[in-house]
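A.B. asks: I would like to see how this sequence folds:
(one chain, ligands or ions: 1)
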Amino acid sequence: MRSRINSDNTSGASGSEAGDPDSSKLHVAIIMDGNGRWATSRGRPRTSGHVVGARVVRTIVENAESAGIGTLTLYAFSADNWKRPTREVSMLMRLFRRYLLSEMDRCVQNGVRMRIVGRRDRIPVELRRTAETAEETTRDGKRLDLRIALDYSARDAMAMAAEKCGGRPVTRESFVRAMNEVTHSGPVREVDLLIRTGGEQRLSDFLLWECAYAELYFTDLMWPEFTPADLVGAVREYHARDRRFGGVQATVAAAG
Ligand code: FPP
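C.D. replies: Take a look at the predicted model:
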């Protein structure tokens, strides 16, 4: 395993704050892209891609812990996704609520703690209430921290955090705390591995601070095609990478 050579970074985000399930396990973030293209290429409406995508979310969550993941952050809806057709947005909001309602008990049984990361003032009130219930019901989960990013924008989070810190001396730690508060995220962890499906290679305003040293993994698979075996493959590739966080390998340092 080569990927944890020097993890002494000082972003203010960490894996060791109270409330994290197990900081020795990975924080994996996923941009679940390609639902729409997957559906239209099969002559189906885009929304049917989201329905299949939600099933894939379930299988990936079920297999995350055994893949060595302690925190899984899924990009479900960005602040820019409000620009989509109203029908698609409403369908997604209903789908997120249905997912939370149907998965809550299973999460309790499997030790999964759910948290919704993002703004809460623009999503439908019934979704917000369900999200709060899901968070409360699953709060004791210790095996996997499942974070669903909903109405999320990393740049908005940073701007709001800066505003919150306004006038006070700011450290990385206090800034991150302010970001946690504005996004309701709980203790923020560095992302170890960021996966994006759907063939595009960009971050799309997702966890920009937390991904400072994330390993990036892009796949042409559309999200509805992504399987637990693909997740394991991405994690395996992560472990084969050489993470130096701006430093050098210990063996190179010892050699002067
Ligand atoms: C991006 O693909 C996907 C979304 C904006 C929605 C993500 C939603 C899900 C994966 C399903 C449900 C999620 C949860 C957490 C229950 P796209 O539609 O933009 O695909 P495209 O790029 O092919 O158009």
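A.B. asks: drop to CA atoms for contacts and neighbour counts, all remaining ones
C.D. replies: Will do.
A.B. asks: Is it correct that residue 113 falls within a strand?
C.D. replies: Yes. Counting by DSSP: H, G, I helix; E, B strand; the rest coil, residue 113 falls inside a strand.
A.B. asks: distance of it from the ligand?
C.D. replies: To the ligand, residue 113 is 14 Å away according to C-alpha to the nearest ligand atom, to the nearest Å.
A.B. asks: tell me the contacts of that residue?
C.D. replies: For residue 113, the contact set (C-alpha atoms under 8 Å, 6 or more residues apart in numbering) comprises 107, 135, 138, 139, 140, 141, 142, 143, 144, 145, 146.
A.B. asks: okay, now residue 70: neighbour count?
C.D. replies: 24 (other C-alpha atoms under 10 Å).
A.B. asks: Might you report the residue contacts of residue 107?
C.D. replies: 113, 114, 138, 141.
A.B. asks: so how far is the ligand from it?
C.D. replies: Applying C-alpha to the nearest ligand atom, the value for residue 107 to the ligand is 13 Å.
A.B. asks: What sits closest to residue 190 if chain neighbours are left out?
C.D. replies: Of all residues not flanking residue 190 in the chain, residue 210 sits nearest, at 4.7 Å (C-alpha to C-alpha, 6 or more residues apart in numbering).
A.B. asks: Hmm, the one you found is touching residue 194, no?
C.D. replies: No. With contact defined as C-alpha atoms under 8 Å, residue 210 does not reach residue 194; the gap is 10.2 Å.
A.B. asks: Tell me which of those two has more neighbours.
C.D. replies: residue 194 (26 against 21).
A.B. asks: so that one touches residue 217, yeah?
C.D. replies: Yes. The pair residue 194 and residue 217 passes the contact test of C-alpha under 8 Å, sitting 6.0 Å apart.
A.B. asks: Just the element for the residue nearest to residue 190, please.
C.D. replies: Assessed by DSSP states H and E, residue 210 sits outside every helix and strand.
A.B. asks: Am I right that residue 72 sits in a helix?
C.D. replies: No. Counting by three-state DSSP, residue 72 falls outside a helix, being strand.
A.B. asks: Just flag the most distant two among the contacts of residue 107.
C.D. replies: Using C-alpha to C-alpha, the contacts of residue 107 span at most 8.1 Å, a distance reached by 114 and 141.
A.B. asks: Of the two, which one has the most company?
C.D. replies: Taking other C-alpha under 10 Å, residue 114 and residue 141 do not tie; residue 114 has more neighbours (29 against 19).
A.B. asks: need the contact list for that one.
C.D. replies: With C-alpha under 8 Å, 6+ apart, residue 114 has these contacts: 107, 134, 135, 138, 139, 145, 146, 147, 148.
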